[in-house]
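Enquirer: Build me a model from this:
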Amino acid sequence: MIDGIYAAACDFAAWPALLERLADLLGARDAAFGTMSPTGIAWLEAPRTDPAFLGRYADYHAEDLVWHAIAASGVGSVVTDEMVGDAADLRIGAYYNEWSLPQGYRTKLGGLVLDEEGWQTMIVLPGNDRYTAAQVQLLKLLSPHLRRAMQIHMRLTESRLDDEVSTRVLDRLASGALLVDGNRRLLFANRAAEALFQPGGGLALSGGQLTATGRTEQAALDAAIARCARQAPADSGADLDLRCEGAPRQLRVIPLRRSVPLVSPGVPVALLIEAADRSDEAVTTRLRLHYGLTPAEAAFAVEIAKGDGKRAAAARRGISYTTARTHLSRVFDKTGVRRQGELVRLILGRDPSDS
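Expert: Alright, predicted model coming up:
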């Protein structure tokens with residue numbers, strides 16, 4: 001089992017089979033292993049859990065008292081449901097009756113494996129029968145090996161970033177290019193981006209973390225990076241105005257997808273900085289690329305952003321009011337906004353949820 005744990009550290013695809021072996025060894029129905037924070041899940045493997053149930057787990061997470069006890073227990077500790085509370089109390093509510101019980105998950109054993117930079121990696125084994133002291137002790141013995149395996153995997157994935165991002169090519173770009181993690185920790189910056197760290201450039205490094213020099217810009221940058229690092233859809237992102245001396249700049253925040261996850265913290269996020277272009281043509285192109293809008297939908301969204309309503313926008317586009325309403329409904333569906341004001345903020349490069 002220990003050999004298998006370290007083999008999985010080097011080959012992430014080996015985890016599902018290893019977790020099934022671990023579940024069998026400890027008499028569990030499944031073994032769920034993953035890294036998460038209060039705001040999102042970096043990755044999660046639970047090979048025997050129904051994917052439909054796994055996808056709905058977030059809806060019940062707040063009621064999972066055993067999970068929260070594991071998260072608060074300290075690295076290396078092992079917790080069972082019996083340690084958390086009376087069985088009758090734990091079996092009240094939607095989490096147990098709607099999520100756990102239909103899968104035959106009546107008991108739980110787990111431990112906090114790793115806790116770094118606000119991201120926690122834990123092993124959770126749902127079962128049907130009461131866990132014995134011997135099973136608890138066995139998980140305690142395996143926990144340090146799971147922790148070391150995660151640390152090895154993190155170092156390996158970070159060391160391979162250079163293979164996935166060609167430094168030589170990026171350094172030839174006139175636009176700035178950066179790579180950060182979910183905590184704004186800088187992983188890579190090309191030469192053009194490094195120039196922006198100079199006074200008046202609009203960006204700075206503080207304790208290894210990327211910061212913007214303006215308070216409003218910092219809040220928008222924090223929100224965009226956090227959203228992209230929480231496994232946001234691959235076509236999501238944000239365009240932000242960057243206040244700097246000389247010509248204005250636009251900072252584009254882009255979520256990246258990896259076949260092998262960077263375990264902590266979250267998925268890496270790319271940032272591109274280039275001269276701002278707010279022309280209708282540039283904004284239309286960005287909406288099509290980021291959100292999959294058709295040319296007609298993107299052009300209508302740009303007209304709506306001018307703020308004088310659907311009828312005026314329809315008249316400028318030479319379309320009927322009915323067609324305008326159809327365009328707007330599809331724009332809302334594809335961009336994820338629900339109001340015209342949110343759409344305007346999105347087009348202007350601001351967080352649509354800001355009031």
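Enquirer: For this protein, which segments count as strands?
Expert: Along the chain, the segments classed as strands by DSSP state E run 32-37, 40-45, 78-80, 107-116, 119-127, 176-180, 186-189, 203-206, 209-212, 238-242, 249-255, 269-275.
Enquirer: and of the ones you listed, who's closest to residue 55?
Expert: Nearest to residue 55, of all those, is strand 40-45, at 10.4 Å by C-beta to C-beta. In this view, the C-beta of every residue, glycine as well, is placed from N, C-alpha and C.
Enquirer: of the strands of the chain, which approaches residue 141 most closely?
Expert: So among the strands of the chain, strand 78-80 is nearest, using C-beta to C-beta, at 9.7 Å.
Enquirer: partners of that closest one, with directions?
Expert: Here strand 78-80 has these sheet partners by DSSP bridges: strand 107-116 (antiparallel).
Enquirer: buried sites along the partner strand?
Expert: For strand 107-116, burial by neighbour count (16 or more other C-beta atoms under 10 Å) applies to 107, 108, 109, 110, 111, 112, 113, 114.
Enquirer: which among those residues gets closest to residue 49?
Expert: residue 108 (12.6 Å).
Enquirer: correct me, but residue 15 touches residue 9?
Expert: No: with contacts counted by C-beta atoms under 8 Å, residue 15 stays clear of residue 9, the gap being 9.3 Å.
Enquirer: one step back: let's have the strands of the chain in TSV, adding distance to residue 22 and mean pLDDT.
Expert: Shown next, in TSV, are the strands of the chain (distance: least, C-beta to C-beta, whole Å; pLDDT from 0 to 100):
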stretch	distance to residue 22	mean pLDDT
strand 32-37	8	87
strand 40-45	11	81
strand 78-80	13	94
strand 107-116	11	93
strand 119-127	7	93
strand 176-180	34	84
strand 186-189	32	85
strand 203-206	41	88
strand 209-212	36	89
strand 238-242	40	75
strand 249-255	31	78
strand 269-275	32	71
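Enquirer: Would you mind giving those strands as CSV with distance to residue 293 added?
Expert: CSV is the format used below for those (distance: least, C-beta to C-beta, whole Å):
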stretch, distance to residue 293
strand 32-37, 32
strand 40-45, 26
strand 78-80, 48
strand 107-116, 39
strand 119-127, 34
strand 176-180, 25
strand 186-189, 30
strand 203-206, 30
strand 209-212, 28
strand 238-242, 15
strand 249-255, 17
strand 269-275, 20
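Enquirer: Of those strands, which is nearest residue 312?
Expert: Taking C-beta to C-beta, strand 238-242 is the member of these nearest to residue 312, at 24.8 Å.
Enquirer: who does that closest one pair up with?
Expert: Strand 238-242 pairs in its sheet with strand 249-255 (antiparallel), by DSSP bridges.
Enquirer: Return the strand it pairs with as PDB; C-alpha atoms alone will do.
Expert: Output in PDB follows, covering the C-alpha atoms of strand 249-255 (Å, rounded to 0.1, in the frame of the first residue of the first chain):
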ATOM      1  CA  ARG A 249      -3.300  48.900 -20.100                       C
ATOM      2  CA  GLN A 250      -5.800  46.000 -20.100                       C
ATOM      3  CA  LEU A 251      -5.100  43.000 -17.900                       C
ATOM      4  CA  ARG A 252      -6.800  39.800 -19.100                       C
ATOM      5  CA  VAL A 253      -7.200  37.000 -16.500                       C
ATOM      6  CA  ILE A 254      -7.600  33.500 -18.000                       C
ATOM      7  CA  PRO A 255      -8.200  30.200 -16.200                       C
END
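Enquirer: List the buried residues of that strand.
Expert: In strand 249-255, counting by 16+ other C-beta under 10 Å, buried: 249, 250, 251, 252, 253, 254, 255.
Enquirer: again with stretch 53-63
Expert: 53, 54, 57, 60, 63.
Enquirer: ditto for stretch 317-334
Expert: Within stretch 317-334, the residues scored as buried using 16+ other C-beta under 10 Å are 317, 319, 324, 327, 328, 330, 331, 332, 334.
Enquirer: Over to stretch 330-348?
Expert: Neighbour-count burial for stretch 330-348 [16+ other C-beta under 10 Å]: 330-332, 334-335, 337, 340, 342-347.
Enquirer: Among the residues you listed, name the ones in helices.
Expert: In this view, these that belong to helices under DSSP state H are 330, 331, 332, 334, 335, 340, 342, 343, 344, 345, 346, 347.
Enquirer: can you redo those as JSON lines with distance to residue 196?
Expert: Conversion of these to JSON lines gives the following (distance: C-beta to C-beta, whole Å):
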{"residue": "330", "distance to residue 196": "37"}
{"residue": "331", "distance to residue 196": "32"}
{"residue": "332", "distance to residue 196": "34"}
{"residue": "334", "distance to residue 196": "31"}
{"residue": "335", "distance to residue 196": "28"}
{"residue": "340", "distance to residue 196": "33"}
{"residue": "342", "distance to residue 196": "29"}
{"residue": "343", "distance to residue 196": "29"}
{"residue": "344", "distance to residue 196": "27"}
{"residue": "345", "distance to residue 196": "24"}
{"residue": "346", "distance to residue 196": "24"}
{"residue": "347", "distance to residue 196": "24"}
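Enquirer: Rebuild these as a markdown table, extending it with pLDDT and distance to residue 209.
Expert: A markdown table is the format used below for those (pLDDT from 0 to 100; distance: C-beta to C-beta, whole Å):
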| residue | pLDDT | distance to residue 209 |
| --- | --- | --- |
| 330 | 92 | 38 |
| 331 | 91 | 35 |
| 332 | 90 | 34 |
| 334 | 88 | 32 |
| 335 | 84 | 29 |
| 340 | 84 | 35 |
| 342 | 84 | 29 |
| 343 | 84 | 31 |
| 344 | 81 | 30 |
| 345 | 76 | 26 |
| 346 | 75 | 26 |
| 347 | 74 | 29 |
